[in-house]
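Novice: Using only what follows, build the 3D model:
(one chain, ligands or ions: 2)
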Amino acid sequence: MNELVEKINKLKKDKNAVILAHCYQNIEIDEVADFVGDSLYLSRQAAKTDADIIIFAGVYFMAQVAKILSPDKRVFLPRMESGCLMADMITLKDLREFKSQHPNIPVVCYINSTAEVKTECDICVTSSNAVDVVRSLNVPEVLFLPDTYLGKWVERQLNGTKVITYPGFCPTHMRIRPADIEKAKKLLPNAKVLAHPECKKEVTDIADFVGSTKDIMNFVKHSSYDKFIIATEKGVTDRLTRDYPNKNFIPAAENLICPNMKWNTLADIYNVLLNEENEIFVAEDIAKKAIKCVDRMLEVTEKCLTK
Ligand code: 13P
Ligand code: SF4
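Specialist: Ligands and ions are numbered 1, 2, ... in the order given. The predicted structure is shown next:
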(Lines give C-alpha, C1' and ligand atoms only; values in the text may rest on other atoms or scores of the structure.)
(Ligands and ions follow the chains in the order given, each with its own letter.)
Protein backbone atom coordinates (compact mmCIF):
# COMPACT_ATOMS: atom_id res chain seq x y z
CA MET A 1 0.00 0.00 0.00
CA ASN A 2 1.10 3.54 -0.77
CA GLU A 3 2.94 4.97 2.27
CA LEU A 4 0.85 8.14 2.25
CA VAL A 5 -2.38 6.10 2.26
CA GLU A 6 -1.14 4.17 5.30
CA LYS A 7 -0.19 7.38 7.13
CA ILE A 8 -3.57 8.98 6.39
CA ASN A 9 -5.48 5.91 7.53
CA LYS A 10 -3.53 5.83 10.79
CA LEU A 11 -4.08 9.55 11.44
CA LYS A 12 -7.76 9.11 10.67
CA LYS A 13 -8.05 6.47 13.40
CA ASP A 14 -5.96 8.43 15.92
CA LYS A 15 -8.04 11.58 15.43
CA ASN A 16 -11.45 9.96 14.88
CA ALA A 17 -11.72 11.60 11.47
CA VAL A 18 -13.88 10.72 8.50
CA ILE A 19 -13.07 11.54 4.86
CA LEU A 20 -15.92 12.37 2.49
CA ALA A 21 -14.97 12.47 -1.19
CA HIS A 22 -16.96 13.69 -4.17
CA CYS A 23 -16.79 11.48 -7.23
CA TYR A 24 -15.01 14.21 -9.25
CA GLN A 25 -11.99 13.97 -6.97
CA ASN A 26 -8.68 12.54 -8.18
CA ILE A 27 -9.36 8.81 -8.11
CA GLU A 28 -6.51 7.92 -5.70
CA ILE A 29 -8.41 9.80 -2.97
CA ASP A 30 -10.90 6.89 -2.89
CA GLU A 31 -8.18 4.84 -1.19
CA VAL A 32 -8.55 6.90 1.99
CA ALA A 33 -12.19 7.96 1.66
CA ASP A 34 -14.87 6.56 3.97
CA PHE A 35 -17.65 7.69 1.66
CA VAL A 36 -17.53 8.55 -2.04
CA GLY A 37 -20.56 9.94 -3.80
CA ASP A 38 -22.67 12.85 -4.97
CA SER A 39 -23.60 16.01 -3.06
CA LEU A 40 -26.76 14.55 -1.54
CA TYR A 41 -25.15 11.33 -0.36
CA LEU A 42 -22.20 13.20 1.15
CA SER A 43 -24.36 15.78 2.94
CA ARG A 44 -26.45 12.99 4.43
CA GLN A 45 -23.25 11.31 5.64
CA ALA A 46 -22.01 14.63 7.08
CA ALA A 47 -25.28 15.01 8.98
CA LYS A 48 -25.05 11.62 10.66
CA THR A 49 -21.35 11.02 11.28
CA ASP A 50 -20.10 10.68 14.87
CA ALA A 51 -16.51 11.49 13.90
CA ASP A 52 -14.80 14.47 15.56
CA ILE A 53 -13.26 15.67 12.30
CA ILE A 54 -14.62 15.74 8.75
CA ILE A 55 -12.18 16.13 5.88
CA PHE A 56 -14.20 17.14 2.83
CA ALA A 57 -12.45 16.19 -0.39
CA GLY A 58 -14.62 18.32 -2.62
CA VAL A 59 -15.26 22.02 -3.17
CA TYR A 60 -15.83 24.83 -0.68
CA PHE A 61 -19.65 24.88 -0.60
CA MET A 62 -19.70 21.13 0.19
CA ALA A 63 -17.45 21.63 3.24
CA GLN A 64 -19.62 24.60 4.28
CA VAL A 65 -22.75 22.41 4.13
CA ALA A 66 -20.99 19.75 6.24
CA LYS A 67 -20.09 22.40 8.83
CA ILE A 68 -23.64 23.77 8.89
CA LEU A 69 -25.05 20.27 9.39
CA SER A 70 -22.45 19.28 11.99
CA PRO A 71 -21.58 22.52 13.82
CA ASP A 72 -19.87 20.66 16.68
CA LYS A 73 -17.48 18.85 14.37
CA ARG A 74 -14.33 20.34 12.93
CA VAL A 75 -14.52 20.42 9.13
CA PHE A 76 -11.50 20.84 6.87
CA LEU A 77 -11.01 21.37 3.15
CA PRO A 78 -7.74 19.98 1.76
CA ARG A 79 -7.21 23.06 -0.46
CA MET A 80 -8.91 26.37 0.28
CA GLU A 81 -8.84 27.45 -3.37
CA SER A 82 -11.24 24.61 -4.31
CA GLY A 83 -14.32 26.73 -4.96
CA CYS A 84 -17.25 25.90 -7.23
CA LEU A 85 -17.26 28.33 -10.16
CA MET A 86 -21.04 28.05 -10.48
CA ALA A 87 -21.67 28.70 -6.77
CA ASP A 88 -19.59 31.87 -7.04
CA MET A 89 -21.79 33.20 -9.87
CA ILE A 90 -24.42 34.48 -7.43
CA THR A 91 -23.90 36.74 -4.41
CA LEU A 92 -26.45 37.70 -1.79
CA LYS A 93 -26.84 41.06 -3.58
CA ASP A 94 -27.55 39.28 -6.90
CA LEU A 95 -30.06 37.03 -5.14
CA ARG A 96 -31.90 40.00 -3.64
CA GLU A 97 -32.08 41.64 -7.05
CA PHE A 98 -33.35 38.41 -8.66
CA LYS A 99 -36.02 38.10 -5.95
CA SER A 100 -37.08 41.72 -6.32
CA GLN A 101 -37.63 41.16 -10.04
CA HIS A 102 -39.93 38.21 -9.22
CA PRO A 103 -41.52 38.92 -5.83
CA ASN A 104 -43.45 36.42 -3.67
CA ILE A 105 -42.28 33.26 -5.42
CA PRO A 106 -40.67 30.39 -3.47
CA VAL A 107 -36.89 30.36 -3.92
CA VAL A 108 -35.11 27.07 -4.59
CA CYS A 109 -31.34 27.01 -4.43
CA TYR A 110 -29.03 24.38 -5.78
CA ILE A 111 -26.72 23.13 -3.04
CA ASN A 112 -23.92 24.54 -5.24
CA SER A 113 -24.31 27.97 -3.62
CA THR A 114 -22.68 29.81 -0.72
CA ALA A 115 -24.00 29.65 2.85
CA GLU A 116 -24.80 33.39 2.60
CA VAL A 117 -27.02 32.80 -0.43
CA LYS A 118 -28.72 29.85 1.30
CA THR A 119 -29.79 32.14 4.18
CA GLU A 120 -32.37 33.83 1.93
CA CYS A 121 -33.68 30.79 0.04
CA ASP A 122 -36.65 28.62 0.98
CA ILE A 123 -35.36 25.18 0.14
CA CYS A 124 -32.24 23.59 -1.19
CA VAL A 125 -31.86 20.83 -3.83
CA THR A 126 -29.12 18.67 -5.22
CA SER A 127 -29.02 17.26 -8.72
CA SER A 128 -30.37 13.93 -7.47
CA ASN A 129 -33.44 15.22 -5.63
CA ALA A 130 -34.25 18.49 -7.45
CA VAL A 131 -37.31 17.14 -9.27
CA ASP A 132 -38.82 15.54 -6.13
CA VAL A 133 -38.10 18.58 -3.97
CA VAL A 134 -39.60 21.12 -6.40
CA ARG A 135 -42.61 18.83 -6.96
CA SER A 136 -43.12 18.59 -3.17
CA LEU A 137 -43.62 22.37 -3.01
CA ASN A 138 -46.79 22.00 -5.06
CA VAL A 139 -46.68 25.59 -6.33
CA PRO A 140 -47.25 26.98 -9.84
CA GLU A 141 -43.84 28.66 -10.07
CA VAL A 142 -40.46 28.78 -8.35
CA LEU A 143 -37.28 30.83 -8.63
CA PHE A 144 -34.27 28.59 -9.15
CA LEU A 145 -30.58 29.45 -8.74
CA PRO A 146 -27.79 29.49 -9.66
CA ASP A 147 -27.88 26.80 -12.38
CA THR A 148 -30.16 27.69 -15.27
CA TYR A 149 -29.66 24.31 -16.98
CA LEU A 150 -30.56 22.21 -13.93
CA GLY A 151 -33.54 24.49 -13.27
CA LYS A 152 -34.86 24.19 -16.80
CA TRP A 153 -34.28 20.41 -16.80
CA VAL A 154 -36.37 20.18 -13.60
CA GLU A 155 -39.11 22.21 -15.29
CA ARG A 156 -39.20 19.74 -18.19
CA GLN A 157 -39.64 16.81 -15.76
CA LEU A 158 -42.58 18.43 -13.98
CA ASN A 159 -46.11 18.85 -15.15
CA GLY A 160 -46.61 22.57 -15.55
CA THR A 161 -44.52 24.12 -12.72
CA LYS A 162 -42.81 27.20 -14.12
CA VAL A 163 -39.13 27.38 -13.14
CA ILE A 164 -37.70 30.89 -13.42
CA THR A 165 -33.94 30.52 -13.48
CA TYR A 166 -30.96 32.68 -12.60
CA PRO A 167 -28.40 32.70 -15.43
CA GLY A 168 -25.67 30.64 -13.69
CA PHE A 169 -23.98 27.59 -15.20
CA CYS A 170 -21.17 25.11 -14.75
CA PRO A 171 -18.29 25.94 -17.11
CA THR A 172 -17.27 22.27 -17.28
CA HIS A 173 -20.70 20.87 -18.23
CA MET A 174 -21.45 23.84 -20.52
CA ARG A 175 -18.61 22.76 -22.78
CA ILE A 176 -20.33 19.53 -23.85
CA ARG A 177 -22.06 19.99 -27.24
CA PRO A 178 -24.33 17.65 -29.21
CA ALA A 179 -21.53 17.48 -31.83
CA ASP A 180 -19.25 15.97 -29.14
CA ILE A 181 -21.85 13.32 -28.37
CA GLU A 182 -22.18 12.50 -32.08
CA LYS A 183 -18.40 12.17 -32.31
CA ALA A 184 -18.33 9.91 -29.24
CA LYS A 185 -21.11 7.77 -30.72
CA LYS A 186 -18.95 7.14 -33.78
CA LEU A 187 -16.12 6.00 -31.54
CA LEU A 188 -18.41 3.77 -29.45
CA PRO A 189 -21.43 2.77 -31.58
CA ASN A 190 -24.63 1.77 -29.75
CA ALA A 191 -23.39 3.29 -26.51
CA LYS A 192 -25.92 4.73 -24.05
CA VAL A 193 -25.46 8.42 -23.29
CA LEU A 194 -25.57 9.26 -19.56
CA ALA A 195 -25.63 12.99 -18.77
CA HIS A 196 -25.58 15.25 -15.73
CA PRO A 197 -28.51 17.73 -15.59
CA GLU A 198 -26.01 20.63 -15.50
CA CYS A 199 -25.47 19.95 -19.22
CA LYS A 200 -27.19 22.13 -21.83
CA LYS A 201 -30.70 21.22 -22.97
CA GLU A 202 -29.40 20.11 -26.40
CA VAL A 203 -27.31 17.49 -24.57
CA THR A 204 -29.84 16.27 -21.98
CA ASP A 205 -32.42 16.05 -24.80
CA ILE A 206 -30.35 13.42 -26.61
CA ALA A 207 -29.20 11.54 -23.50
CA ASP A 208 -30.60 8.10 -22.65
CA PHE A 209 -30.39 8.87 -18.93
CA VAL A 210 -29.99 12.12 -16.98
CA GLY A 211 -28.99 12.09 -13.32
CA SER A 212 -26.56 13.11 -10.61
CA THR A 213 -23.05 11.72 -10.55
CA LYS A 214 -24.08 8.91 -8.20
CA ASP A 215 -27.26 8.21 -10.18
CA ILE A 216 -25.14 7.83 -13.33
CA MET A 217 -22.93 5.31 -11.53
CA ASN A 218 -25.98 3.44 -10.23
CA PHE A 219 -27.47 3.39 -13.72
CA VAL A 220 -24.36 1.58 -14.99
CA LYS A 221 -24.40 -0.80 -12.01
CA HIS A 222 -27.95 -1.95 -12.76
CA SER A 223 -27.76 -1.81 -16.56
CA SER A 224 -27.36 -4.80 -18.85
CA TYR A 225 -25.73 -2.53 -21.48
CA ASP A 226 -21.95 -2.47 -21.70
CA LYS A 227 -21.11 0.72 -23.61
CA PHE A 228 -21.56 4.22 -22.23
CA ILE A 229 -20.75 7.81 -23.14
CA ILE A 230 -20.38 9.81 -19.94
CA ALA A 231 -21.45 13.45 -20.11
CA THR A 232 -20.09 14.73 -16.83
CA GLU A 233 -16.75 15.42 -15.17
CA LYS A 234 -13.97 12.90 -15.86
CA GLY A 235 -13.89 11.61 -12.26
CA VAL A 236 -17.08 9.67 -12.97
CA THR A 237 -15.68 8.09 -16.15
CA ASP A 238 -12.48 7.18 -14.27
CA ARG A 239 -14.39 5.44 -11.45
CA LEU A 240 -16.67 3.58 -13.84
CA THR A 241 -13.66 2.40 -15.87
CA ARG A 242 -12.05 1.13 -12.66
CA ASP A 243 -15.18 -0.53 -11.27
CA TYR A 244 -16.50 -2.20 -14.45
CA PRO A 245 -13.52 -3.58 -16.38
CA ASN A 246 -15.83 -5.54 -18.68
CA LYS A 247 -17.77 -2.47 -19.78
CA ASN A 248 -16.65 0.35 -22.06
CA PHE A 249 -16.81 4.03 -21.18
CA ILE A 250 -15.77 7.16 -23.00
CA PRO A 251 -16.09 10.77 -21.87
CA ALA A 252 -18.56 12.83 -23.91
CA ALA A 253 -15.85 15.39 -24.69
CA GLU A 254 -12.12 15.81 -24.26
CA ASN A 255 -10.70 17.29 -21.09
CA LEU A 256 -13.93 17.22 -19.09
CA ILE A 257 -12.27 18.38 -15.93
CA CYS A 258 -13.45 20.63 -13.12
CA PRO A 259 -10.08 22.19 -12.24
CA ASN A 260 -11.20 23.15 -8.74
CA MET A 261 -12.28 19.60 -7.88
CA LYS A 262 -8.86 18.39 -8.96
CA TRP A 263 -6.81 20.60 -6.62
CA ASN A 264 -7.07 18.20 -3.69
CA THR A 265 -4.35 15.56 -3.52
CA LEU A 266 -3.51 12.79 -1.05
CA ALA A 267 -0.61 14.94 0.17
CA ASP A 268 -3.02 17.82 0.92
CA ILE A 269 -5.31 15.49 2.86
CA TYR A 270 -2.37 14.22 4.88
CA ASN A 271 -1.14 17.76 5.65
CA VAL A 272 -4.58 18.97 6.66
CA LEU A 273 -5.14 15.98 8.94
CA LEU A 274 -1.72 16.31 10.50
CA ASN A 275 -1.61 20.09 10.97
CA GLU A 276 -5.35 20.75 11.27
CA GLU A 277 -5.13 23.66 8.84
CA ASN A 278 -7.80 24.89 6.40
CA GLU A 279 -10.62 24.63 8.90
CA ILE A 280 -14.05 25.77 7.68
CA PHE A 281 -15.98 28.21 9.85
CA VAL A 282 -19.47 29.51 9.18
CA ALA A 283 -20.65 32.47 11.27
CA GLU A 284 -23.36 31.36 13.70
CA ASP A 285 -26.04 33.75 12.39
CA ILE A 286 -25.43 32.61 8.80
CA ALA A 287 -25.34 28.93 9.74
CA LYS A 288 -28.58 29.23 11.71
CA LYS A 289 -30.44 30.68 8.74
CA ALA A 290 -28.75 28.58 6.04
CA ILE A 291 -29.48 25.29 7.79
CA LYS A 292 -33.23 25.83 7.38
CA CYS A 293 -33.23 25.34 3.62
CA VAL A 294 -30.80 22.40 3.84
CA ASP A 295 -32.85 20.71 6.59
CA ARG A 296 -36.04 21.22 4.61
CA MET A 297 -34.43 19.47 1.65
CA LEU A 298 -33.24 16.56 3.81
CA GLU A 299 -36.73 16.16 5.31
CA VAL A 300 -38.34 15.96 1.86
CA THR A 301 -35.65 13.53 0.71
CA GLU A 302 -36.10 11.23 3.71
CA LYS A 303 -39.83 11.17 3.02
CA CYS A 304 -39.29 10.32 -0.66
CA LEU A 305 -36.75 7.60 0.22
CA THR A 306 -39.04 5.91 2.73
CA LYS A 307 -42.04 5.89 0.38
P1 13P B 1 -23.70 15.88 -7.91
O2 13P B 1 -24.62 16.28 -6.83
O3 13P B 1 -24.39 15.20 -9.03
O4 13P B 1 -22.56 15.12 -7.37
O5 13P B 1 -23.14 17.20 -8.60
C6 13P B 1 -22.28 18.08 -7.99
C7 13P B 1 -21.62 18.93 -8.95
O8 13P B 1 -20.94 19.86 -8.59
C9 13P B 1 -21.82 18.65 -10.34
O10 13P B 1 -21.06 19.50 -11.11
FE1 SF4 C 1 -19.01 23.55 -9.64
FE2 SF4 C 1 -19.09 22.70 -12.15
FE3 SF4 C 1 -17.04 22.05 -10.64
FE4 SF4 C 1 -19.46 20.97 -10.18
S5 SF4 C 1 -18.16 20.68 -11.99
S6 SF4 C 1 -18.04 21.78 -8.67
S7 SF4 C 1 -20.77 22.72 -10.71
S8 SF4 C 1 -17.62 24.13 -11.29
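Novice: got a list of what Leu42 touches?
Specialist: Each residue near Leu42 by CB atoms under 8 Å, 6 or more residues apart in numbering is listed here: Leu20, Ala21, His22, Phe35, Phe56, Gly58, Met62, Ala66. From N, CA and C alone the C-beta is placed, and that goes for glycine too.
Novice: Which of these fall in strands?
Specialist: Leu20, Ala21, His22, Phe35, Phe56 (DSSP state E).
Novice: Make a ChimeraX selection of whichever of the residues you listed turn out to be buried.
Specialist: Buried residues among the ones in strands among the contacts of Leu42 (16 or more other CB atoms under 10 Å), as a ChimeraX selection:
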select :20,21,22,56
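Novice: List just the nearest of the ones in strands among the contacts of Leu42 to ligand 2.
Specialist: Lowest distance from ligand 2 to the ones in strands among the contacts of Leu42 (CB to the nearest ligand atom) belongs to His22, with 7.8 Å.
Novice: Identify the bridge partners of that closest one.
Specialist: With DSSP bridges as the criterion, His22 is bridged to Gly37.
Novice: what does the protein have sitting close to ligand 1?
Specialist: Contact residues (CB under 6 Å from any ligand atom) of the chain with ligand 1: Asp38, Ser39, Asn112, Thr126, Ser127, Ser128, Cys170, His196, Glu198, Ser212, Thr213.
Novice: biggest separation within these, which pair?
Specialist: Pairwise distances across the residues of the chain next to ligand 1 peak at 15.5 Å for Ser128 and Cys170 (criterion: CB to CB).
Novice: what's the neighbour count on the nearest residue to Lys73 once chain neighbours are set aside?
Specialist: Leaving aside its sequence neighbours, Lys73 sits nearest to Ile54 (CB to CB, 6 or more residues apart in numbering; 5.4 Å). Each residue near Ile54 was counted by other CB atoms under 10 Å, and the total is 25.
Novice: what about Ile54, which SS state?
Specialist: Under the three-state scheme (DSSP: H, G, I helix; E, B strand; the rest coil), Ile54 adopts strand.
Novice: ditto for Phe98
Specialist: Assignment for Phe98 (three-state DSSP): helix.
Novice: Look at the nearest residue to Ala46 once chain neighbours are set aside and report its pLDDT.
Specialist: In space, and not counting its chain neighbours, Ala46 is closest to Ala66: 3.7 Å by CB to CB, 6+ apart. Looking at Ala66, its pLDDT stands at 94.
Novice: Make sure Ala66 is actually in contact with Phe56.
Specialist: Yes. Checked against CB atoms under 8 Å, the pair Ala66 and Phe56 is within contact range at 5.4 Å.
Novice: out of the ones in strands among the contacts of Leu42, which one sits closest to ligand 1?
Specialist: His22 (6.1 Å).
Novice: For Ala46, report the pLDDT, please.
Specialist: For Ala46, the pLDDT comes out at 84.
Novice: Secondary structure class of it, three-state.
Specialist: Following three-state DSSP, we place Ala46 in the helix state.
Novice: quick one, what contacts Val18?
Specialist: Per CB under 8 Å, 6+ apart, neighbours of Val18: Lys12, Asp34, Phe35, Gln45, Thr49, Ala51, Ile53, Ile54, Ile55.
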